[in-house]
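In: give me the fold of what follows.
(one chain, ligands or ions: 1)
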Amino acid sequence: MSQRSIAQAPDEGGFVKEIPSKSKHFADWYTAVILKAELADYYPVHGCTVIRPYGYTIWELMQQGLDRRFKATGHTNAYFPLFIPQSFLHREAEHVEGFAPELAWVTRGGGEELAEPLAVRPTSETAIGHMYARWIRSYRDLPILINQWCNVVRWEKATRPFLRTMEFLWQEGHTAHRTPEEAETEARQMLEVYRDFAETDVAIPVLSGRKPESEKFPGAEHSYAIEALMPDGQALQAGTSHNLGQNFARAFNIKFLDSDNTEKFVSTTSWGLSWRMLGGLIMVHGDDRGLVLPPRVAPIQAVIVPILTGKARDDVLAAARAVGARLQPGIRVRVDDRTEVTPGWKFNDWEMRGVPVRIELGPRDLQAHQVTLVPRAGDGRRVVPLDGVVEAVSAALEEAQQTMFRRAKDYLDSHIVAASTREEVVAAIAARSGFVRIEWCGNDACEQTLRRESGASPRLISEEAASGRCAVCGAPARFVVYYARAY
Ligand SMILES: [Zn+2]
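Out: Here you go, the predicted model:
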(Lines give C-alpha, C1' and ligand atoms only; values in the text may rest on other atoms or scores of the structure.)
Protein backbone atom coordinates (compact mmCIF):
# COMPACT_ATOMS: atom_id res chain seq x y z
CA MET A 1 0.00 0.00 0.00
CA SER A 2 1.33 3.48 -0.79
CA GLN A 3 1.80 6.15 1.84
CA ARG A 4 -1.40 7.93 0.85
CA SER A 5 -3.79 8.16 3.71
CA ILE A 6 -7.10 9.51 4.73
CA ALA A 7 -5.44 12.52 6.30
CA GLN A 8 -3.63 13.39 3.09
CA ALA A 9 -6.46 12.64 0.69
CA PRO A 10 -8.35 15.56 -0.87
CA ASP A 11 -11.15 16.82 1.32
CA GLU A 12 -14.33 15.81 -0.42
CA GLY A 13 -16.51 15.99 2.65
CA GLY A 14 -16.53 12.21 2.90
CA PHE A 15 -18.12 11.91 -0.54
CA VAL A 16 -16.63 9.28 -2.85
CA LYS A 17 -18.22 8.68 -6.21
CA GLU A 18 -16.69 5.37 -7.21
CA ILE A 19 -14.82 2.65 -5.37
CA PRO A 20 -11.62 1.90 -7.32
CA SER A 21 -10.61 -1.68 -8.17
CA LYS A 22 -9.26 -3.51 -5.12
CA SER A 23 -6.69 -5.48 -7.08
CA LYS A 24 -5.41 -2.53 -9.12
CA HIS A 25 -5.54 0.40 -6.68
CA PHE A 26 -5.45 -1.18 -3.25
CA ALA A 27 -4.53 1.94 -1.22
CA ASP A 28 -7.16 4.12 -2.91
CA TRP A 29 -9.70 1.31 -2.66
CA TYR A 30 -9.11 1.07 1.11
CA THR A 31 -9.63 4.80 1.69
CA ALA A 32 -12.67 4.92 -0.61
CA VAL A 33 -14.38 2.02 1.18
CA ILE A 34 -13.84 3.66 4.56
CA LEU A 35 -15.30 6.97 3.40
CA LYS A 36 -18.14 5.63 1.28
CA ALA A 37 -19.32 3.09 3.85
CA GLU A 38 -19.16 5.90 6.44
CA LEU A 39 -16.78 4.09 8.78
CA ALA A 40 -14.52 7.09 9.41
CA ASP A 41 -13.86 10.62 8.20
CA TYR A 42 -11.20 13.30 8.04
CA TYR A 43 -10.27 15.51 10.95
CA PRO A 44 -8.04 18.58 10.76
CA VAL A 45 -5.49 17.24 13.28
CA HIS A 46 -3.02 15.10 11.35
CA GLY A 47 -3.12 11.49 12.47
CA CYS A 48 -6.53 11.70 14.12
CA THR A 49 -9.62 10.22 12.50
CA VAL A 50 -13.27 10.44 13.41
CA ILE A 51 -14.98 7.08 13.68
CA ARG A 52 -18.55 7.41 12.45
CA PRO A 53 -21.47 5.47 13.95
CA TYR A 54 -21.37 2.57 11.47
CA GLY A 55 -17.63 2.05 12.04
CA TYR A 56 -17.96 2.53 15.77
CA THR A 57 -20.72 -0.08 15.97
CA ILE A 58 -18.40 -2.63 14.34
CA TRP A 59 -15.79 -1.72 16.98
CA GLU A 60 -18.40 -2.13 19.74
CA LEU A 61 -19.26 -5.61 18.46
CA MET A 62 -15.55 -6.46 18.46
CA GLN A 63 -15.29 -5.14 22.01
CA GLN A 64 -18.18 -7.36 23.09
CA GLY A 65 -16.60 -10.45 21.52
CA LEU A 66 -13.31 -9.79 23.29
CA ASP A 67 -14.79 -8.62 26.58
CA ARG A 68 -16.85 -11.81 26.86
CA ARG A 69 -13.66 -13.84 26.42
CA PHE A 70 -11.75 -11.72 28.96
CA LYS A 71 -14.47 -12.21 31.58
CA ALA A 72 -14.63 -15.94 30.84
CA THR A 73 -10.91 -16.15 31.66
CA GLY A 74 -11.33 -14.33 34.99
CA HIS A 75 -10.49 -10.72 34.07
CA THR A 76 -12.37 -7.59 35.12
CA ASN A 77 -12.32 -4.08 33.70
CA ALA A 78 -10.98 -0.97 35.41
CA TYR A 79 -9.78 2.45 34.30
CA PHE A 80 -6.46 4.22 34.82
CA PRO A 81 -5.64 7.89 34.04
CA LEU A 82 -4.71 9.33 30.64
CA PHE A 83 -1.69 11.24 32.03
CA ILE A 84 1.50 9.53 33.13
CA PRO A 85 4.19 11.38 35.14
CA GLN A 86 7.53 11.61 33.35
CA SER A 87 9.29 9.94 36.27
CA PHE A 88 7.18 6.76 35.86
CA LEU A 89 8.28 6.31 32.27
CA HIS A 90 11.94 6.64 33.22
CA ARG A 91 11.89 3.78 35.70
CA GLU A 92 12.07 1.01 33.12
CA ALA A 93 15.04 1.81 30.84
CA GLU A 94 14.07 -0.24 27.77
CA HIS A 95 10.47 0.89 28.03
CA VAL A 96 11.26 4.60 27.98
CA GLU A 97 13.81 4.16 25.23
CA GLY A 98 11.28 2.27 23.10
CA PHE A 99 8.49 4.78 23.51
CA ALA A 100 10.41 8.08 23.74
CA PRO A 101 10.14 8.97 20.02
CA GLU A 102 6.35 8.49 20.06
CA LEU A 103 5.44 10.36 23.24
CA ALA A 104 3.19 13.42 23.45
CA TRP A 105 3.82 15.64 26.47
CA VAL A 106 1.68 18.06 28.43
CA THR A 107 3.91 20.74 29.97
CA ARG A 108 1.36 23.47 30.75
CA GLY A 109 -2.00 23.34 32.47
CA GLY A 110 -4.34 25.97 33.87
CA GLY A 111 -2.05 28.63 32.44
CA GLU A 112 1.03 27.44 34.37
CA GLU A 113 4.14 25.38 33.71
CA LEU A 114 3.77 21.95 35.30
CA ALA A 115 6.33 20.93 37.92
CA GLU A 116 6.64 17.58 36.15
CA PRO A 117 5.69 17.00 32.50
CA LEU A 118 2.88 14.51 31.92
CA ALA A 119 2.95 12.06 29.05
CA VAL A 120 -0.30 11.26 27.28
CA ARG A 121 -0.40 7.50 27.77
CA PRO A 122 1.17 5.48 24.96
CA THR A 123 0.39 2.33 26.99
CA SER A 124 -0.18 1.92 30.74
CA GLU A 125 2.39 -0.51 32.17
CA THR A 126 4.00 2.24 34.27
CA ALA A 127 0.77 3.82 35.60
CA ILE A 128 -0.63 0.43 36.48
CA GLY A 129 2.69 -0.83 37.89
CA HIS A 130 2.67 2.11 40.31
CA MET A 131 -0.82 1.21 41.50
CA TYR A 132 -0.13 -2.54 41.74
CA ALA A 133 2.75 -1.74 44.11
CA ARG A 134 0.17 -0.10 46.42
CA TRP A 135 -2.40 -2.87 46.13
CA ILE A 136 -0.29 -6.00 46.43
CA ARG A 137 0.94 -7.05 49.87
CA SER A 138 0.61 -10.81 50.14
CA TYR A 139 0.34 -13.87 47.93
CA ARG A 140 -3.38 -13.78 48.79
CA ASP A 141 -3.69 -10.58 46.69
CA LEU A 142 -2.56 -12.48 43.58
CA PRO A 143 -3.22 -12.86 40.76
CA ILE A 144 -4.56 -9.46 39.74
CA LEU A 145 -6.30 -9.77 36.38
CA ILE A 146 -7.36 -6.36 35.03
CA ASN A 147 -8.23 -5.05 31.59
CA GLN A 148 -8.96 -1.50 30.48
CA TRP A 149 -10.69 -0.20 27.34
CA CYS A 150 -9.23 3.16 26.41
CA ASN A 151 -7.49 5.40 23.91
CA VAL A 152 -3.72 5.83 23.63
CA VAL A 153 -1.53 8.31 21.77
CA ARG A 154 1.62 7.51 19.84
CA TRP A 155 3.03 10.35 17.74
CA GLU A 156 3.11 9.07 14.16
CA LYS A 157 4.31 10.80 11.01
CA ALA A 158 2.69 8.58 8.38
CA THR A 159 -0.86 7.62 9.20
CA ARG A 160 -3.52 5.34 7.73
CA PRO A 161 -7.02 5.01 9.16
CA PHE A 162 -7.33 2.14 11.64
CA LEU A 163 -3.87 0.80 10.74
CA ARG A 164 -1.65 3.57 12.04
CA THR A 165 -3.09 6.63 13.71
CA MET A 166 -1.78 8.98 16.35
CA GLU A 167 -4.67 8.34 18.70
CA PHE A 168 -6.28 4.93 18.66
CA LEU A 169 -8.75 2.85 20.62
CA TRP A 170 -7.72 -0.45 22.12
CA GLN A 171 -7.82 -2.59 25.20
CA GLU A 172 -4.83 -3.28 27.40
CA GLY A 173 -4.79 -6.13 29.86
CA HIS A 174 -2.38 -5.98 32.82
CA THR A 175 -1.91 -8.88 35.18
CA ALA A 176 0.31 -9.64 38.17
CA HIS A 177 1.21 -13.17 39.27
CA ARG A 178 2.90 -15.05 42.06
CA THR A 179 5.30 -16.99 39.84
CA PRO A 180 7.05 -16.49 36.48
CA GLU A 181 5.38 -19.67 35.24
CA GLU A 182 1.91 -18.27 35.93
CA ALA A 183 2.76 -15.10 34.00
CA GLU A 184 3.98 -17.16 31.05
CA THR A 185 0.78 -19.21 31.10
CA GLU A 186 -1.30 -16.02 31.17
CA ALA A 187 0.59 -14.43 28.26
CA ARG A 188 0.06 -17.54 26.16
CA GLN A 189 -3.57 -17.88 27.19
CA MET A 190 -4.35 -14.33 26.03
CA LEU A 191 -2.59 -14.94 22.73
CA GLU A 192 -4.94 -17.89 22.25
CA VAL A 193 -7.92 -15.65 23.17
CA TYR A 194 -6.84 -13.23 20.44
CA ARG A 195 -6.42 -16.02 17.90
CA ASP A 196 -9.85 -17.40 18.68
CA PHE A 197 -11.46 -13.95 18.48
CA ALA A 198 -9.77 -13.10 15.15
CA GLU A 199 -10.68 -16.41 13.54
CA THR A 200 -14.14 -17.02 15.04
CA ASP A 201 -15.61 -13.50 15.15
CA VAL A 202 -13.71 -11.53 12.50
CA ALA A 203 -13.15 -14.54 10.18
CA ILE A 204 -9.48 -13.61 9.83
CA PRO A 205 -7.10 -16.58 10.04
CA VAL A 206 -3.78 -15.79 11.73
CA LEU A 207 -0.36 -17.19 12.44
CA SER A 208 0.56 -17.00 16.09
CA GLY A 209 3.88 -17.31 17.84
CA ARG A 210 6.70 -15.57 19.68
CA LYS A 211 8.30 -12.34 18.49
CA PRO A 212 12.05 -12.38 17.90
CA GLU A 213 14.14 -10.32 20.38
CA SER A 214 14.42 -7.49 17.86
CA GLU A 215 10.65 -7.12 17.59
CA LYS A 216 9.56 -7.56 21.18
CA PHE A 217 7.76 -4.98 23.33
CA PRO A 218 10.13 -2.56 25.13
CA GLY A 219 10.59 -4.02 28.61
CA ALA A 220 9.19 -7.50 27.90
CA GLU A 221 10.84 -10.88 28.50
CA HIS A 222 8.83 -12.48 25.70
CA SER A 223 6.32 -11.01 23.29
CA TYR A 224 3.77 -13.08 21.43
CA ALA A 225 1.61 -11.96 18.53
CA ILE A 226 -1.03 -12.94 16.05
CA GLU A 227 -0.23 -11.94 12.47
CA ALA A 228 -2.74 -11.81 9.62
CA LEU A 229 -1.97 -11.62 5.91
CA MET A 230 -3.38 -8.79 3.82
CA PRO A 231 -4.25 -9.07 0.10
CA ASP A 232 -1.12 -7.10 -0.90
CA GLY A 233 1.10 -9.76 0.67
CA GLN A 234 1.92 -7.69 3.77
CA ALA A 235 1.49 -8.92 7.33
CA LEU A 236 -0.67 -7.12 9.86
CA GLN A 237 0.22 -7.56 13.53
CA ALA A 238 -3.27 -7.77 14.97
CA GLY A 239 -2.75 -8.44 18.68
CA THR A 240 0.19 -8.83 21.07
CA SER A 241 0.67 -10.48 24.44
CA HIS A 242 3.75 -9.91 26.59
CA ASN A 243 5.33 -11.78 29.45
CA LEU A 244 7.03 -8.87 31.23
CA GLY A 245 8.81 -11.14 33.70
CA GLN A 246 9.87 -9.15 36.78
CA ASN A 247 11.13 -6.13 34.81
CA PHE A 248 8.25 -3.83 35.73
CA ALA A 249 7.92 -5.37 39.19
CA ARG A 250 11.54 -4.39 39.92
CA ALA A 251 11.13 -0.93 38.37
CA PHE A 252 7.99 -0.23 40.43
CA ASN A 253 8.88 -2.30 43.47
CA ILE A 254 5.85 -4.58 43.22
CA LYS A 255 6.57 -7.14 45.95
CA PHE A 256 4.53 -9.59 47.95
CA LEU A 257 5.03 -11.72 51.03
CA ASP A 258 4.81 -15.34 49.92
CA SER A 259 3.44 -18.22 52.01
CA ASP A 260 7.03 -19.15 52.95
CA ASN A 261 7.35 -15.72 54.62
CA THR A 262 9.84 -14.37 52.09
CA GLU A 263 9.36 -11.21 50.09
CA LYS A 264 9.29 -11.71 46.30
CA PHE A 265 8.72 -9.70 43.16
CA VAL A 266 5.54 -10.41 41.23
CA SER A 267 5.66 -11.38 37.55
CA THR A 268 3.50 -9.33 35.21
CA THR A 269 1.97 -9.50 31.74
CA SER A 270 0.32 -7.08 29.37
CA TRP A 271 -1.66 -7.69 26.19
CA GLY A 272 -3.39 -5.44 23.70
CA LEU A 273 -5.60 -5.46 20.66
CA SER A 274 -6.65 -2.28 18.86
CA TRP A 275 -9.04 -1.12 16.17
CA ARG A 276 -6.31 -2.15 13.75
CA MET A 277 -8.36 -5.33 13.57
CA LEU A 278 -11.04 -3.26 11.85
CA GLY A 279 -8.51 -2.21 9.21
CA GLY A 280 -7.62 -5.87 8.75
CA LEU A 281 -11.28 -6.79 8.39
CA ILE A 282 -11.78 -4.19 5.63
CA MET A 283 -8.69 -5.33 3.70
CA VAL A 284 -9.15 -9.08 4.07
CA HIS A 285 -12.85 -9.34 3.28
CA GLY A 286 -13.75 -6.31 1.12
CA ASP A 287 -14.18 -6.46 -2.66
CA ASP A 288 -14.72 -4.17 -5.65
CA ARG A 289 -18.28 -3.45 -4.52
CA GLY A 290 -17.11 -2.31 -1.07
CA LEU A 291 -17.20 -3.69 2.43
CA VAL A 292 -18.01 -7.32 3.26
CA LEU A 293 -18.73 -7.86 6.95
CA PRO A 294 -18.54 -11.12 8.86
CA PRO A 295 -22.02 -11.53 10.43
CA ARG A 296 -20.70 -11.67 14.00
CA VAL A 297 -19.41 -8.10 13.84
CA ALA A 298 -21.92 -6.66 11.34
CA PRO A 299 -24.01 -3.75 12.75
CA ILE A 300 -26.83 -4.84 10.43
CA GLN A 301 -26.81 -8.59 9.74
CA ALA A 302 -29.82 -8.67 7.44
CA VAL A 303 -31.53 -5.91 5.50
CA ILE A 304 -35.07 -6.35 4.21
CA VAL A 305 -35.76 -4.57 0.92
CA PRO A 306 -39.47 -4.59 0.07
CA ILE A 307 -40.29 -4.14 -3.64
CA LEU A 308 -42.96 -1.51 -3.35
CA THR A 309 -44.84 -1.48 -6.65
CA GLY A 310 -48.48 -1.78 -7.72
CA LYS A 311 -51.51 -1.99 -5.50
CA ALA A 312 -50.01 -4.59 -3.17
CA ARG A 313 -47.43 -2.10 -1.88
CA ASP A 314 -49.06 -1.58 1.52
CA ASP A 315 -49.36 -5.34 2.02
CA VAL A 316 -45.74 -5.88 0.97
CA LEU A 317 -44.49 -3.19 3.36
CA ALA A 318 -46.55 -4.64 6.21
CA ALA A 319 -45.19 -8.12 5.46
CA ALA A 320 -41.60 -6.80 5.35
CA ARG A 321 -42.07 -5.18 8.76
CA ALA A 322 -43.57 -8.40 10.09
CA VAL A 323 -40.53 -10.36 8.87
CA GLY A 324 -38.28 -7.77 10.52
CA ALA A 325 -40.12 -8.17 13.81
CA ARG A 326 -39.83 -11.95 13.67
CA LEU A 327 -36.06 -11.81 13.06
CA GLN A 328 -35.51 -9.64 16.13
CA PRO A 329 -33.99 -9.71 18.66
CA GLY A 330 -31.83 -12.68 17.62
CA ILE A 331 -30.76 -11.05 14.36
CA ARG A 332 -29.72 -7.41 13.86
CA VAL A 333 -32.10 -6.39 11.09
CA ARG A 334 -33.14 -3.24 9.22
CA VAL A 335 -36.24 -2.79 7.07
CA ASP A 336 -35.34 -0.36 4.28
CA ASP A 337 -38.70 1.29 3.67
CA ARG A 338 -37.32 4.39 1.98
CA THR A 339 -39.50 5.45 -0.95
CA GLU A 340 -37.20 8.08 -2.48
CA VAL A 341 -34.72 5.50 -3.84
CA THR A 342 -35.28 2.43 -6.03
CA PRO A 343 -34.82 -1.18 -4.86
CA GLY A 344 -31.83 -1.49 -7.23
CA TRP A 345 -30.15 1.51 -5.62
CA LYS A 346 -30.77 0.00 -2.18
CA PHE A 347 -29.24 -3.33 -3.24
CA ASN A 348 -26.03 -1.56 -4.30
CA ASP A 349 -25.95 0.62 -1.21
CA TRP A 350 -26.27 -2.24 1.28
CA GLU A 351 -23.79 -4.34 -0.67
CA MET A 352 -21.29 -1.47 -0.46
CA ARG A 353 -21.87 -1.32 3.31
CA GLY A 354 -21.19 -5.04 3.59
CA VAL A 355 -24.49 -6.21 5.08
CA PRO A 356 -24.17 -10.04 5.12
CA VAL A 357 -27.69 -10.99 3.97
CA ARG A 358 -30.26 -9.14 1.87
CA ILE A 359 -33.89 -10.22 2.03
CA GLU A 360 -36.01 -9.29 -0.98
CA LEU A 361 -39.78 -9.29 -0.71
CA GLY A 362 -42.06 -8.29 -3.61
CA PRO A 363 -45.77 -8.68 -4.48
CA ARG A 364 -45.20 -12.08 -6.14
CA ASP A 365 -43.14 -13.34 -3.18
CA LEU A 366 -45.94 -12.30 -0.87
CA GLN A 367 -48.48 -14.23 -2.94
CA ALA A 368 -46.24 -17.30 -2.89
CA HIS A 369 -45.48 -16.89 0.86
CA GLN A 370 -41.74 -16.66 0.27
CA VAL A 371 -38.75 -14.31 0.35
CA THR A 372 -35.47 -14.28 -1.54
CA LEU A 373 -32.21 -14.33 0.47
CA VAL A 374 -29.06 -12.94 -1.14
CA PRO A 375 -25.83 -13.41 0.83
CA ARG A 376 -23.14 -10.73 0.36
CA ALA A 377 -20.29 -13.26 0.36
CA GLY A 378 -20.38 -16.10 -2.16
CA ASP A 379 -23.30 -16.89 -4.47
CA GLY A 380 -26.00 -18.56 -2.43
CA ARG A 381 -29.08 -16.68 -3.65
CA ARG A 382 -32.10 -18.72 -2.54
CA VAL A 383 -35.88 -18.59 -2.19
CA VAL A 384 -37.19 -19.61 1.21
CA PRO A 385 -40.72 -20.00 2.61
CA LEU A 386 -41.94 -17.15 4.81
CA ASP A 387 -42.70 -19.63 7.58
CA GLY A 388 -39.08 -20.68 7.89
CA VAL A 389 -37.50 -17.25 7.46
CA VAL A 390 -35.89 -17.03 10.92
CA GLU A 391 -34.14 -20.40 10.56
CA ALA A 392 -33.16 -19.66 6.95
CA VAL A 393 -31.60 -16.28 7.76
CA SER A 394 -29.78 -17.71 10.80
CA ALA A 395 -28.40 -20.50 8.63
CA ALA A 396 -27.38 -18.06 5.89
CA LEU A 397 -25.51 -15.91 8.43
CA GLU A 398 -23.67 -18.88 9.88
CA GLU A 399 -22.82 -20.06 6.38
CA ALA A 400 -21.52 -16.58 5.46
CA GLN A 401 -19.31 -16.51 8.54
CA GLN A 402 -17.81 -19.91 7.62
CA THR A 403 -17.47 -19.07 3.92
CA MET A 404 -15.59 -15.87 4.71
CA PHE A 405 -13.21 -17.62 7.09
CA ARG A 406 -12.58 -20.48 4.67
CA ARG A 407 -11.89 -18.11 1.80
CA ALA A 408 -9.42 -16.11 3.89
CA LYS A 409 -7.81 -19.31 5.19
CA ASP A 410 -7.32 -20.62 1.65
CA TYR A 411 -5.64 -17.33 0.79
CA LEU A 412 -3.35 -17.50 3.82
CA ASP A 413 -2.46 -21.15 3.28
CA SER A 414 -1.63 -20.55 -0.36
CA HIS A 415 0.55 -17.55 0.54
CA ILE A 416 3.03 -19.22 2.85
CA VAL A 417 6.13 -20.13 0.90
CA ALA A 418 9.17 -21.99 2.12
CA ALA A 419 12.61 -20.60 1.33
CA SER A 420 15.95 -22.21 2.12
CA THR A 421 18.38 -19.60 0.82
CA ARG A 422 18.74 -15.81 1.06
CA GLU A 423 18.08 -15.50 -2.67
CA GLU A 424 14.80 -17.39 -2.32
CA VAL A 425 13.70 -15.17 0.57
CA VAL A 426 14.52 -11.98 -1.33
CA ALA A 427 12.70 -13.24 -4.45
CA ALA A 428 9.60 -14.36 -2.49
CA ILE A 429 9.34 -11.04 -0.65
CA ALA A 430 9.84 -9.06 -3.88
CA ALA A 431 7.05 -11.12 -5.50
CA ARG A 432 4.70 -10.26 -2.60
CA SER A 433 4.22 -13.97 -1.99
CA GLY A 434 3.03 -13.48 1.60
CA PHE A 435 4.70 -15.15 4.58
CA VAL A 436 8.09 -16.65 3.84
CA ARG A 437 8.93 -19.60 6.08
CA ILE A 438 12.60 -20.06 6.80
CA GLU A 439 14.76 -21.95 9.24
CA TRP A 440 17.19 -19.91 11.31
CA CYS A 441 20.25 -20.61 13.46
CA GLY A 442 19.22 -17.99 16.04
CA ASN A 443 22.17 -15.73 15.29
CA ASP A 444 21.36 -12.00 15.23
CA ALA A 445 23.78 -11.34 12.36
CA CYS A 446 21.83 -13.73 10.10
CA GLU A 447 18.57 -11.93 10.94
CA GLN A 448 20.12 -8.53 10.17
CA THR A 449 21.39 -9.81 6.83
CA LEU A 450 17.96 -11.10 5.85
CA ARG A 451 16.22 -7.89 6.89
CA ARG A 452 18.65 -5.77 4.92
CA GLU A 453 18.52 -7.86 1.77
CA SER A 454 14.79 -8.59 1.68
CA GLY A 455 13.28 -5.44 3.19
CA ALA A 456 11.07 -7.75 5.28
CA SER A 457 11.08 -8.41 9.01
CA PRO A 458 10.82 -11.60 11.06
CA ARG A 459 7.17 -11.60 12.14
CA LEU A 460 7.07 -14.71 14.31
CA ILE A 461 9.12 -17.55 15.64
CA SER A 462 6.91 -20.59 15.22
CA GLU A 463 6.37 -23.42 17.67
CA GLU A 464 7.28 -25.82 14.84
CA ALA A 465 10.52 -27.71 15.34
CA ALA A 466 13.38 -26.77 13.00
CA SER A 467 14.88 -29.65 11.08
CA GLY A 468 17.07 -28.09 8.39
CA ARG A 469 19.74 -25.44 8.05
CA CYS A 470 19.80 -21.67 8.53
CA ALA A 471 18.75 -19.97 5.29
CA VAL A 472 21.56 -17.44 5.71
CA CYS A 473 24.66 -19.15 7.13
CA GLY A 474 23.84 -22.82 6.57
CA ALA A 475 24.47 -23.76 10.22
CA PRO A 476 22.03 -26.23 11.84
CA ALA A 477 18.74 -24.37 12.38
CA ARG A 478 17.15 -23.90 15.81
CA PHE A 479 13.98 -22.02 14.84
CA VAL A 480 11.30 -21.80 12.18
CA VAL A 481 10.63 -18.12 11.43
CA TYR A 482 8.04 -16.37 9.25
CA TYR A 483 9.20 -13.28 7.38
CA ALA A 484 7.03 -10.68 5.67
CA ARG A 485 6.77 -7.01 4.94
CA ALA A 486 4.46 -5.55 7.54
CA TYR A 487 2.08 -2.68 8.12
ZN1 LIG B 1 22.46 -18.40 10.51
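In: quick one, phi/psi of the most centrally placed residue in the chain?
Out: Central residue of the chain (C-alpha atoms, centre = their mean): M277, 1.7 Å from the mean position. Dihedral angles of M277 (phi, psi; degrees, to the nearest 10) stand at phi -60, psi -30.
In: now I416: phi and psi?
Out: According to degrees, to the nearest 10, I416 has phi -120, psi 110.
In: beta-bridge partners for it, please?
Out: Under the criterion DSSP bridges, I416 forms beta bridges with F435.
In: is the residue nearest to the centre of the chain in contact with G239, as I believe?
Out: Yes. At 7.4 Å, M277 counts as touching G239 under the criterion of C-beta atoms under 8 Å. Where you see a C-beta, it was placed from the backbone N, CA and C, and this is true even at glycine.
In: mutual contacts of the two, please.
Out: Common contacts of M277 and G239, defined by C-beta atoms under 8 Å, 6 or more residues apart in numbering, comprise A198.
In: ok so, going back, OK, contacts around the residue nearest to the centre of the chain?
Out: 62, 198, 202, 204, 238-239.
In: who in the protein is up against the ion?
Out: 441, 443, 446, 470, 472-473 (C-beta under 5 Å from the ion).
In: cutoff 6 Å now
Out: Proximity of the chain to the ion is confined to 441, 443, 446, 470, 472-473, 475 under the rule C-beta under 6 Å from the ion.
In: list only buried entries from those.
Out: Among the residues of the chain next to the ion, those buried by neighbour count (16 or more other C-beta atoms under 10 Å) are 441, 446, 470, 472.
In: now tabulate those residues in JSON lines and tack on secondary structure and pLDDT.
Out: Shown next, in JSON lines, are those (DSSP: H, G, I helix; E, B strand; the rest coil; pLDDT from 0 to 100):
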{"residue": "C441", "secondary structure": "coil", "pLDDT": "97"}
{"residue": "C446", "secondary structure": "helix", "pLDDT": "97"}
{"residue": "C470", "secondary structure": "coil", "pLDDT": "97"}
{"residue": "V472", "secondary structure": "coil", "pLDDT": "96"}
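In: from the contacts of M277, pick the one nearest L450.
Out: A238 (23.0 Å; C-beta to C-beta).
In: part of a strand, is that closest one?
Out: Yes. Secondary structure of A238 (DSSP: H, G, I helix; E, B strand; the rest coil): part of a strand.
In: for R108, grab the count of nearby residues.
Out: Applying other C-beta atoms under 10 Å, we find 10 residues neighbouring R108.
In: can you tell me the SS state at it?
Out: Classified using three-state DSSP, R108 is strand.
In: and it, bridged to which residues?
Out: E113.
In: tell me the pLDDT at it?
Out: You'll see R108 listed with a pLDDT of 97.
In: okay but it is in contact with A115, surely?
Out: No. Using C-beta under 8 Å, R108 is not in contact with A115; the gap is 11.4 Å.
In: quick one, what contacts T57?
Out: P299.
In: ignore what I typed, I meant P385.
Out: Per C-beta under 8 Å, 6+ apart, neighbours of P385: 369-370.
In: same question for A471.
Out: Applying C-beta under 8 Å, 6+ apart, the residues contacting A471 are 419-422, 424-425, 438-440, 446, 450.
In: the residue lying closest to it once chain neighbours are set aside: neighbour count?
Out: In this structure, A471 finds its nearest non-sequential neighbour in I438, 4.2 Å apart by C-beta to C-beta, 6 or more residues apart in numbering. Neighbours of I438 under the rule other C-beta under 10 Å: 28.
In: right, and I438 touches A484 too?
Out: No. Judged on C-beta under 8 Å, I438 makes no contact with A484 at a distance of 11.2 Å.
In: about what we covered before: among the contacts of A471, name the ones in helices.
Out: Mapping those onto helices (DSSP state H) picks out 422, 424-425, 446, 450.
In: now for the helix or strand hosting V316, which elements pack on it?
Out: Element membership for V316 (DSSP states H and E) is helix 313-327. Applying 3 or more C-beta pairs under 8 Å, 6 or more residues apart in numbering; DSSP states H and E, we find helix 313-327 packed against strand 302-306, strand 333-335, strand 357-361, helix 363-367, helix 389-413.
In: show me where the protein has its helices.
Out: Going by DSSP H, the chain shows helices at 26-36, 53-72, 86-89, 93-99, 125-135, 180-200, 247-252, 276-285, 313-327, 343-352, 363-367, 389-413, 422-430, 444-454.
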